[in-house]
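Student: Dropping a prediction and its sequence here:
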Amino acid sequence: MHPTEGTPCHEISLMCDDLDRTTAELAARGARFEGEVTERGFGRCVTLCVPGAGTMLLYQPRHPVAYPLGRTEP
């Protein structure tokens, strides 16, 4: 949850370490996005369309994270 003005709200979001690379990879696999990448106080964001479930926020955080986001190879 991020601070909001007015009524508190929550949503499930996905974080990534490189929004441009991640959106390009997802788009190449057929993902669709609503609108353009926007800058918010907590990071760079885009709205990911989830078939049959609406939308979900995908973002590259500016804040410290509890777990490193870097890729791990098997």
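Tutor: Received the coordinates, thanks.
Student: Just want the most central residue of the protein.
Tutor: When Cα atoms, centre = their mean is applied to the chain, the residue found nearest the centroid is residue 58 (1.3 Å).
Student: Name the residues linked to that one by a beta bridge.
Tutor: residue 14, residue 46 (DSSP bridges).
Student: my read: it touches residue 19, true?
Tutor: Yes: the pair residue 58 / residue 19 is scored as a contact, 7.1 Å apart, by Cβ atoms under 8 Å. Every C-beta, even on glycine, is put in place using the N, C-alpha and C of the backbone.
Student: what touches both of the two?
Tutor: 45, 46 (Cβ atoms under 8 Å, 6 or more residues apart in numbering).
Student: can you pull out the strands in this protein?
Tutor: Secondary structure of the chain (DSSP state E): strands at 13-15, 33-40, 43-50, 54-61.
Student: Which elements pack onto the second one?
Tutor: What it means is strand 33-40. helix 19-28, strand 43-50 (3 or more Cβ pairs under 8 Å, 6 or more residues apart in numbering; DSSP states H and E).
Student: ok and the shortest one relative to strand 54-61, angle-wise?
Tutor: If I follow you right, that is strand 43-50. With axes from the mean of the first three to the mean of the last three Cα atoms, to 10 degrees applied, the angle from strand 43-50 to strand 54-61 works out at 150 degrees.
Student: which other residues reach strand 43-50?
Tutor: By Cβ under 8 Å, 6+ apart, the list of residues contacting strand 43-50 reads 14-15, 19, 23, 26, 31-39, 55-63.
Student: Can you tell me which of those are buried?
Tutor: Buried residues within the contacts of strand 43-50, counting neighbours by 16 or more other Cβ atoms under 10 Å: 15, 19, 23, 26, 31, 58, 59, 60, 61.
Student: and the fourth one, how far is that from residue 54?
Tutor: The spacing between residue 26 and residue 54, counted by Cβ to Cβ, to the nearest Å, is 16 Å.
Student: Please consider this matter closed, and thank you.
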